[in-house]
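[1] next comes the sequence, and after it the predicted model I'd like to discuss.
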Amino acid sequence: MTLRDTAGPLADQHGRVATGLRVSLTDRCNLRCEYCMPAEGLDWLPTEEALTDDELIRLITIAVEILGIRDVRFTGGEPLLRRSLPAIVAATKALPSKPRTAMTSNGLGLKQMAKALAEAGLDRVNISLDTVDPEVFKRITRRDRLADVITGLEAARAAGLQPVKVNAVLLRDINHKGAPELLRWCMDNRYELRFIEQMPLDAQHGWNRTAMVTADETLTLLGEHFRLTPMDGRGLAPAEKFLVDDGPHTVGIVGSVTRPFCGDCNRVRLTADGQIRNCLFAREESDLRTAMRGGASDTELAERWRKAMWVKLPGHGINDPEFLQPTRPMSAIGG
Ligand code: SAM
């Protein structure tokens, strides 16, 4: 141990500093995307294990005001299922350091909440949408809700939650050939599309490296219909951006598996039950909930958080032969 893991920001031994926090507000979801959750859902967290709003806001405050977090993204499960979401956003935005706020959501129910979220201070949204074909949507999500997602997207744009980004995962022979159509639809509707490589984070452990649609393949598929020009200035963003047909539209490719960006990772995750995860693929978590409920001070919680970050591994290890998928699926970690 050195001084660095007991003072200052959320640094790790490999020179990275976390400034982005992903907060999972619930492990529940109202879709059942086949690459994420089984049809019957999962064993949800018992209520007493989930952080209360006050506990959640206390940990976000520690992250922002003591540990130097500048970006807070709300996710889940489905964050819109947490009724107090606008109040949580407002409390986050009211912090003296005024962090940037964002949300990753499936968009269901956003029609009713978009305005309240914008007024609470939410800056931006990413909405997950893998296809604009209603039958394919139903097949992937196991719910007939495409029209509601589209309504949610429109509500986000109308509320000024700009730029509205769309996250898509391509599944071979299910929606992958629809990638150009999805890009065309997003451009026509002024949404910024990003394709994310499918990762081994599904509860069913059905991920298969040989079947996954890679970043290269996605670029080839899109390249048959559009002229893609790589853009500079990726910074710490996970997506490689491309100008489409000389602009102004762009498309992003997040090659989490085949083009990992762990060396630039600036993220840390807080689960709905108060566990710190220093990586999406971490095998260990650090339990802040028990410490907090046991009377730990803000300083003590911040110190535990720093220690959890200090031991972050240099990479996610998906490409190592001995890779083991984390015990918790994406929906419980907070995607
Ligand atoms: N319910 C919200 C939503 O749909 O955006 C937030 C949680 S969801 C887990 C966050 C993102 O993770 C979504 O864009 C989803 O497509 C993505 N995701 C889920 N499982 C994934 C996997 N195995 N590989 C890649 N992305 C995944």
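    Perfect, I can see it now.
[2] got any ranges where the stretch 101-250 of the chain has weak pLDDT?
    Judged against pLDDT under 70, the stretch 101-250 of the chain has no low-scoring part.
[3] for it, what lies in contact range of the ligand?
    With C-beta under 6 Å from any ligand atom as the criterion, the stretch 101-250 of the chain comes near the ligand at residues 104, 105, 106, 128, 167, 169, 196, 198, 199, 201, 202. Where you see a C-beta, it was placed from the backbone N, CA and C, and this is true even at glycine.
[4] can you name the residue of the stretch 201-335 of the chain nearest to the ligand?
    Of all residues in the stretch 201-335 of the chain, the one sitting closest to the ligand is residue 335 (2.7 Å; C-beta to the nearest ligand atom).
[5] the nearest residue to that residue once chain neighbours are set aside pairs with what?
    In space, residue 335 comes closest to residue 75 once its chain neighbours are excluded; the distance is 5.7 Å by C-beta to C-beta, 6 or more residues apart in numbering. Assessed by DSSP bridges, residue 75 has beta-bridge partners residue 24.
[6] circling back to that earlier point, out of the residues of the stretch 101-250 of the chain next to the ligand, which are inside strands?
    104, 105, 128, 167, 169, 196 (DSSP state E).
[7] is it possible to get TSV of those residues that adds neighbour count?
    Supplementary listing: those in TSV, determined by neighbours: other C-beta atoms under 10 Å:
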residue	neighbour count
104	21
105	26
128	21
167	20
169	23
196	23
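[8] can I get these in a markdown table with distance to residue 230?
    Listed next are these as a markdown table, based on distance: C-beta to C-beta, whole Å:
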| residue | distance to residue 230 |
| --- | --- |
| 104 | 25 |
| 105 | 29 |
| 128 | 25 |
| 167 | 20 |
| 169 | 22 |
| 196 | 18 |
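[9] closest one to residue 288 out of those, please.
    residue 104 (21.6 Å; C-beta to C-beta).
[10] with residue 142 as the reference, measure out to the closest one.
    Remark: distance between residue 104 and residue 142 (C-beta to C-beta, to the nearest Å) = 20 Å.
[11] what's the answer for residue 191, then?
    24 Å.
[12] okay, these two: which has more neighbours?
    residue 191 (23 against 16; other C-beta atoms under 10 Å).
[13] the more buried one reaches residue 168, doesn't it?
    No: with contact defined as C-beta atoms under 8 Å, residue 191 does not count as touching residue 168 (10.5 Å).
[14] for the stretch 1-150 of the chain, which segments count as helices?
    53-61, 85-93, 110-120, 134-141, 146-158 (DSSP state H, counting those that start in this stretch).
[15] please put the alpha-carbon coordinates of the last one into PDB.
    Read that as helix 146-158. C-alpha atoms of helix 146-158 as PDB (Å, rounded to 0.1, in the frame of the first residue of the first chain):
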ATOM      1  CA  LEU A 146     -40.900  -1.300 -30.300                       C
ATOM      2  CA  ALA A 147     -43.500   1.500 -30.700                       C
ATOM      3  CA  ASP A 148     -43.100   2.500 -27.000                       C
ATOM      4  CA  VAL A 149     -39.300   2.700 -27.400                       C
ATOM      5  CA  ILE A 150     -39.700   4.900 -30.400                       C
ATOM      6  CA  THR A 151     -42.100   7.200 -28.500                       C
ATOM      7  CA  GLY A 152     -39.500   7.300 -25.700                       C
ATOM      8  CA  LEU A 153     -36.800   8.400 -28.100                       C
ATOM      9  CA  GLU A 154     -39.000  11.100 -29.500                       C
ATOM     10  CA  ALA A 155     -39.800  12.300 -26.000                       C
ATOM     11  CA  ALA A 156     -36.100  12.500 -25.100                       C
ATOM     12  CA  ARG A 157     -35.400  14.600 -28.100                       C
ATOM     13  CA  ALA A 158     -38.400  16.900 -27.500                       C
END
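[16] between that helix and helix 134-141, how many degrees?
    90 degrees (axes from the mean of the first three to the mean of the last three C-alpha atoms, to 10 degrees).
[17] show me which positions of helix 146-158 end up buried.
    Neighbour counts over helix 146-158 (16 or more other C-beta atoms under 10 Å) mark 146, 148, 149, 150, 151, 152, 153, 154, 155, 156, 157 as buried.
[18] between those residues, which sits nearest the ligand?
    residue 149 (9.3 Å).
[19] next up, the contacts around the nearest residue to the closest one once chain neighbours are set aside.
    Distances taken as C-beta to C-beta, 6+ apart place residue 107 nearest to residue 149, at 4.4 Å, with adjacent residues excluded. By C-beta atoms under 8 Å, 6 or more residues apart in numbering, the residues touching residue 107 are 80, 127, 128, 129, 148, 149, 150, 151, 152, 153, 156.
[20] so what does residue 107 have for phi and psi?
    phi 90, psi -10 (degrees, to the nearest 10).
[21] same deal with residue 43?
    With angles defined as degrees, to the nearest 10, residue 43 sits at phi -80, psi 110.
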